[in-house]
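Trainee: give the three-dimensional model of this entry:
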Amino acid sequence: MKPMGTIPAEFYSEESLVIDGKSAEEWAVSAGDTPLFVYDFGMVARRVALFRKAMPAGLDLHYAIKANPFAPLIAAIAPLVDGLDIASKGEMALALAAKPGATISFAGPGKRDDELEAAISAGVTLNLESEGEANRALLAAERLGVTPRLAVRVNPEIELRGSGMRMGGRASPFGIDADRAGAVAKRIIAAGAEWCGFHIFAGSQALNAGAIIETQAETLALAGRLADEVGAAPPLVNLGGGFGIPYFPGEVPLDVDAVGAALGDAMTSLPAALKDTRFAIELGRWLVGEAGVYLTRVIDRKESRGETFVIVDGGLHHQLAASGNFGTVVKRNYPVAVASAAAGAETETVTVVGCLCTPLDRLADRVTLPVAQPGDLVAVFMAGAYGLSASPSGFLGHPLPAEILAGSADSPNAILTPPIA
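Mentor: Have a look, this model is predicted:
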């Protein structure tokens, strides 16, 4: 038997599993079929409120669309945040449908010329990832006859300790090395571009408040040194994100109150060069990750060499991360549940596998669950970030799942159900 992560408490009411007050079966009926994703927007809105309460007044909050680009979710979250961060031309179209260009920033290496031109034309801020990209952006702006909005993404010397994905402190395709970033900023200012500041991202998926506090302090100091080098105050410094969520056994939620208190103290003694600068934190999974549930129906169960397999109609083609194949070195179990099981039901140790013809398709490995029969629903939690869009949905030609946004006043129970292949 292997342990699994903890199911968020919001999904239980009197020991019965519910999502925004409705049972898993009710959501499956609403979608018309399984598998499906359900995102509880009430949980997302409460996360935004928690951020506002914990963080210093005036700190901007950006939503990183790459965490979950479901259009109804973007439309619902856009009024609650100060900006949207994108990483492609496709995400730009989604963002522009919800926010004006001036509140959108575009990061990521390898931006094509057509992407640079589209962003400049729309007034989107380009976070420049290299000197070459800076040159191409300036040339694109000249062709268009438009003043570009340009920020410098910095590859810092620091890294976020304990982060699931470290972005700083090493050679990287992301950002301009800190010792060259100031020179690039001076160049784009001299060229007549609208300089929008710095984007400094050291890592992601950290649960250690002390590590985030330390990294933010070092980031502020770095921003101050770069501002001195440039000789101008950056209009905005994006401090990155890094806020993690507890997927696995033994993990505990990030102490955001401690992070906010420390950041507030640090911002009372900023370097002089940053006294007129605005600051932002960019978050994706921390806002939406715990709000999502992936529902998939049991098709079969079988015994093989003493092990019981529960076979479902979903799998890693929709939820790659839960299968342990999205950057996880050691396979650990996301929280899962048999959605229809009654409290106190008989349990067994099973492996939950998907419908794909590959041994990689395991959604839960040797976990203790209530006995599940064909027709029962299995719920995979922590499915609100890096779910469908981060999975190989075209693999083996299975249908796409439905996605439902629950609990949004603007988009009540918004459903996108793709055609069945």
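Trainee: show me where the stretch 51-200 of the chain has strands.
Mentor: Remark: strands assigned in the stretch 51-200 of the chain by DSSP state E, counting those that start in this stretch are 60-64, 83-86, 104-106, 125-128, 149-155, 165-166, 176-177, 194-200.
Trainee: same list, those strands, but as TSV with mean pLDDT please.
Mentor: What follows is those, written out as TSV (pLDDT from 0 to 100):
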stretch	mean pLDDT
strand 60-64	98
strand 83-86	98
strand 104-106	98
strand 125-128	98
strand 149-155	96
strand 165-166	52
strand 176-177	92
strand 194-200	97
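Trainee: redo those strands as JSON lines? Include mean neighbour count and distance to F41.
Mentor: C-beta coordinates here come from the backbone N, C-alpha and C atoms, glycine included. Formatted as JSON lines, the strands of the stretch 51-200 of the chain follow (neighbours: other C-beta atoms under 10 Å; distance: least, C-beta to C-beta, whole Å):
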{"stretch": "strand 60-64", "mean neighbour count": "23", "distance to F41": "13"}
{"stretch": "strand 83-86", "mean neighbour count": "25", "distance to F41": "16"}
{"stretch": "strand 104-106", "mean neighbour count": "27", "distance to F41": "21"}
{"stretch": "strand 125-128", "mean neighbour count": "29", "distance to F41": "27"}
{"stretch": "strand 149-155", "mean neighbour count": "27", "distance to F41": "30"}
{"stretch": "strand 165-166", "mean neighbour count": "16", "distance to F41": "26"}
{"stretch": "strand 176-177", "mean neighbour count": "18", "distance to F41": "37"}
{"stretch": "strand 194-200", "mean neighbour count": "24", "distance to F41": "27"}
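Trainee: nearest to G224, of those?
Mentor: Closest to G224 of these, according to C-beta to C-beta: strand 194-200, at 10.5 Å.
Trainee: quick one: average confidence on the helix or strand following the closest one?
Mentor: Under the assignment DSSP states H and E, the closest C-terminal helix or strand after strand 194-200 is strand 203-204. On average, the pLDDT along strand 203-204 is 76.
Trainee: name the helices or strands packed onto the helix or strand following strand 203-204?
Mentor: Remark: after strand 203-204, the chain's next helix or strand is helix 209-230, criterion DSSP H and E. When contacts are defined as 3 or more C-beta pairs under 8 Å, 6 or more residues apart in numbering; DSSP states H and E, helix 209-230 packs onto helix 178-190, strand 194-200, strand 236-238, helix 256-267.
Trainee: who touches the last one?
Mentor: What that stands for is helix 256-267. With C-beta atoms under 8 Å, 6 or more residues apart in numbering as the test, helix 256-267 has contacts from 50-51, 54-56, 59, 209, 212-213, 216-217, 220, 243, 279.
Trainee: for that helix, buried residues please.
Mentor: Across helix 256-267, burial judged by 16 or more other C-beta atoms under 10 Å covers 256, 259-263, 266-267.
Trainee: next SSE downstream of it?
Mentor: Later in the chain than helix 256-267, the nearest helix or strand by DSSP H and E is strand 278-283.
Trainee: can you give me the end-to-end distance of stretch 59-79?
Mentor: Taking C-alpha to C-alpha, to the nearest Å, stretch 59-79 runs 16 Å from one end to the other.
Trainee: list the buried ones in it?
Mentor: Of all the residues in stretch 59-79, those buried under the rule 16+ other C-beta under 10 Å are 59-78.
Trainee: any idea of the pLDDT on the closest residue to P271 other than its chain neighbours?
Mentor: If the residues on either side of it in the chain are set aside, P271 comes closest to G224, at 3.1 Å by C-beta to C-beta, 6 or more residues apart in numbering. For G224, the pLDDT comes out at 95.
Trainee: just give me the neighbour total for G224.
Mentor: A count of nearby residues for G224, using other C-beta atoms under 10 Å, gives 19.
Trainee: ok, it - contacts?
Mentor: Contacts for G224 (C-beta under 8 Å, 6+ apart) come out as 270-271, 273-274.
Trainee: tabulate these (CSV), appending neighbour count, pLDDT and distance to P359.
Mentor: Formatted as CSV, those follow (neighbours: other C-beta atoms under 10 Å; pLDDT from 0 to 100; distance: C-beta to C-beta, whole Å):
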residue, neighbour count, pLDDT, distance to P359
L270, 18, 93, 53
P271, 15, 89, 54
A273, 19, 93, 56
L274, 20, 95, 53
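Trainee: for the residues you listed, which two are the farthest from each other?
Mentor: Within these, two members stand farthest from each other by C-beta to C-beta: L270 and A273, at 8.4 Å.
Trainee: still on that earlier bit, could I get the helices and strands packed on helix 209-230 as CSV with distance to I120?
Mentor: Shown next, in CSV, are the helices and strands packed on helix 209-230 (distance: least, C-beta to C-beta, whole Å):
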stretch, distance to I120
helix 178-190, 12
strand 194-200, 10
strand 236-238, 18
helix 256-267, 31
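Trainee: out of those, which comes closest to E131?
Mentor: Within these, the stretch nearest E131 is helix 178-190; the backing value is 6.0 Å (C-beta to C-beta).
Trainee: which helices and strands does that closest one pack with?
Mentor: With contacts taken as 3+ C-beta pairs under 8 Å, 6+ apart, helix 178-190 sits against helix 131-144, strand 149-155, strand 194-200, helix 209-230.
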